[in-house]
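Asks: Dropping a prediction and its sequence here:
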Amino acid sequence: MTDTVLILGGTGRIGRAVAADLVAHTQARITITGQHLPRGAAVARALGPAVTFLPLALEDEPALHRAIAAHTLIIHCAGPFLYRDTQVLQACIEHEVNYLDVSDNRSFTLKALAAKEAAAAAGVTAIINTGIFPGISNSMVRRDMEQLDVAEQIHLSYVVSGSGGAGVTVMRTTFLGLQQPFPVWIGGQWQEVKPYSDRETVPFPPPYHQGHVYWFDMPEAFTLPESFPEVRTVMTKFGSVPDFYNHLTWIAAHIFPKSWMHNPGAIEFLSHVSYGMTAVTDLCSGIGVAIRSEVQGAKNGQSIRCQSTLVHANTAIAAGVGTGSLAELMLAGQLRKPGVWPVEQALTTPLFEQMMTSRGIQIDSTFSPVVH
């Protein structure tokens, strides 16, 4: 039987990238959803004959359940996930259909993980936080961890050029992430930090070189300590190119009245203004992404730093690779783990490396001594 994949929010930039990856690497029949028929039909035509469009609103619960029950795998790309509950995941559990999402929000992640036992009992494999970061980044950390005998500290840094090619939803997600302080795992205990604080200059591969990054609330900040309990510190930092976007974001986080950052109208205004600005600067900066994973620990009795880096010219396409590669493995029966899992708990390093190689994604790794 032909596998069938339903991509909720499939007409958005990330959803389209996931669909394109599946078209290139699987024989699945793909249904993308959205609420605008002309646009959705045009996107489906552009993706090819394996893709069809289904008008669907997540609020239409009966239609949502019918669509889920009719497919082999559901991929949830309809963010921002701060505004989403777990109705899609719960429907997948009810209909015993496997699930992926591109969620990147702490509260959504916690709600999804709470369904782990129900998913396991139903035999449903559900993997959350897939994409580029979180997603590929989590697997880079796992890969680095496995190179060491003992690991003590994880430092994840991300830099995105302009819009990242990912649409206005990414702008909304960034501003929503500035609303309140969040807990991070430092020195073996949870501490609260302010969003977009503690600016740090981090070396990335060309063309980024010296990137400027700040604390940012990501699901990895709490899934990695759970996945690797021996680690005493997990840092997740994010920055933009050109650098003046970092200064504007810092002002939004630290100078703007809090009432603005909690006002949906203000968030929408800031998101569209920012996206309009990137339409200009993208022409110079590009829309790429760089990830730097650094794990400090010990190997053969020596203090060692294992560092991995990845650069991709298009952030949205890279996110499509992260999610699409997991979907390929699930459809092929190579990735089956009933329950709800972050990527680093579900995907083995050999399978991760296999998928990245199949898509021409290069991850460079280095080892260096830690000087105390």
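Replies: Perfect, I can see it now.
Asks: quick one, helices of the stretch 51-200 of the chain?
Replies: Under the criterion DSSP state H, counting those that start in this stretch, the stretch 51-200 of the chain contains helices at 61-69, 87-95, 106-113, 116-122, 137-145, 168-176.
Asks: Serialize those helices to JSON lines and add fields for mean neighbour count.
Replies: The C-beta positions use only the backbone N, C-alpha and C, and glycine is treated the same way. Below are the helices of the stretch 51-200 of the chain laid out as JSON lines (neighbours: other Cβ atoms under 10 Å):
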{"stretch": "helix 61-69", "mean neighbour count": "15"}
{"stretch": "helix 87-95", "mean neighbour count": "20"}
{"stretch": "helix 106-113", "mean neighbour count": "20"}
{"stretch": "helix 116-122", "mean neighbour count": "16"}
{"stretch": "helix 137-145", "mean neighbour count": "25"}
{"stretch": "helix 168-176", "mean neighbour count": "21"}
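Asks: So for residue 370, which of the ones you listed sits nearest?
Replies: Residue 370 sits nearest to helix 137-145 of all the helices of the stretch 51-200 of the chain, at 13.6 Å, using Cβ to Cβ.
Asks: so what's the residue lying closest to residue 139 once chain neighbours are set aside up against?
Replies: Once flanking residues are discounted, residue 139 sits nearest to residue 352: 4.3 Å by Cβ to Cβ, 6 or more residues apart in numbering. Neighbour list for residue 352: 139, 142-143 [criterion: Cβ atoms under 8 Å, 6 or more residues apart in numbering].
Asks: Closest one of those residues to residue 229?
Replies: When the contacts of residue 352 are compared against residue 229 (criterion: Cβ to Cβ), the nearest one is residue 142, at 13.9 Å.
Asks: Can you tell me, leaving aside adjacent residues, what's nearest to the closest one?
Replies: Once flanking residues are discounted, residue 142 sits nearest to residue 344: 4.5 Å by Cβ to Cβ, 6+ apart.
Asks: From residue 332, how far out is that neighbour?
Replies: Separation of residue 344 from residue 332 (Cβ to Cβ, to the nearest Å) stands at 21 Å.
Asks: Repeat that for residue 140.
Replies: Look at residue 140 and residue 332: by Cβ to Cβ, they are 23 Å apart.
Asks: Name the helix or strand for residue 41, please.
Replies: In this assignment (DSSP states H and E), residue 41 forms part of helix 37-47.
Asks: about what we covered before: mind checking the SS state of the residue nearest to residue 139?
Replies: helix (DSSP: H, G, I helix; E, B strand; the rest coil).
Asks: what's the pLDDT at the residue in the chain sticking out farthest from the centre?
Replies: What lies farthest from the middle of the chain is residue 301; by Cα atoms, centre = their mean that is 34.5 Å. Note for residue 301: predicted pLDDT of 92.
Asks: can you check residue 290 too?
Replies: 98.
Asks: host element of it?
Replies: Using DSSP H and E, residue 290 falls within strand 289-299.
Asks: The following helix or strand past that strand: which residues count as buried?
Replies: Next along the chain after strand 289-299, taking DSSP H and E as the criterion, comes strand 302-312. The neighbour-count check on strand 302-312 (16 or more other Cβ atoms under 10 Å) flags 304-312 as buried.
Asks: Next: stretch 260-275.
Replies: 261, 266-267, 270-271, 274-275.
Asks: Mind listing residues that contact that stretch?
Replies: 163, 167-168, 171-172, 174-176, 178-179, 245, 248, 252-253.
Asks: what do you get for stretch 36-44?
Replies: With Cβ under 8 Å, 6+ apart as the test, stretch 36-44 has contacts from 10-11, 16, 32-34, 51-55.
Asks: let's see it at 10 Å
Replies: Identification of contacts with stretch 36-44 by Cβ atoms under 10 Å, 6 or more residues apart in numbering yields 10-12, 15-16, 19, 30-34, 50-56.
Asks: out of those, which are inside strands?
Replies: Counted as lying in strands by DSSP state E, out of these, are 30-34, 51-55.
Asks: Please enumerate the strands of the stretch 251-372 of the chain.
Replies: 289-299, 302-312, 339-342, 363-369 (DSSP state E, counting those that start in this stretch).
Asks: what about the shortest one, distance to the chain center?
Replies: Meaning strand 339-342. 14 Å (Cα atoms, centre = their mean, to the nearest Å).
Asks: and it, average pLDDT?
Replies: Average pLDDT, strand 339-342: 98.
Asks: likewise the last one?
Replies: Per-residue pLDDT values over strand 363-369 give a mean of 93.
Asks: Against which helices or strands is it packed?
Replies: If contacts are counted by 3 or more Cβ pairs under 10 Å, 6 or more residues apart in numbering; DSSP states H and E, strand 363-369 sits against helix 137-145, strand 289-299, strand 302-312, helix 349-358.
Asks: strand partners of that strand, parallel vs antiparallel please.
Replies: strand 302-312 (antiparallel) (DSSP bridges).
Asks: Now do the partner strand against helix 349-358, angle only.
Replies: Computed by axes from the mean of the first three to the mean of the last three Cα atoms, to 10 degrees, the angle separating strand 302-312 from helix 349-358 equals 40 degrees.
Asks: Using CSV, list the CA coordinates for strand 302-312.
Replies: Written as CSV, here are the backbone C-alpha positions of strand 302-312 (Å, rounded to 0.1, in the frame of the first residue of the first chain):
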residue,chain,number,x,y,z
GLN,A,302,41.6,14.2,29.3
SER,A,303,39.4,17.3,29.4
ILE,A,304,38.1,17.6,25.8
ARG,A,305,35.8,19.9,23.8
CYS,A,306,33.9,18.2,21.0
GLN,A,307,32.5,20.7,18.5
SER,A,308,30.2,20.2,15.5
THR,A,309,29.1,22.8,13.0
LEU,A,310,26.5,22.9,10.1
VAL,A,311,25.9,25.7,7.6
HIS,A,312,23.0,25.7,5.1
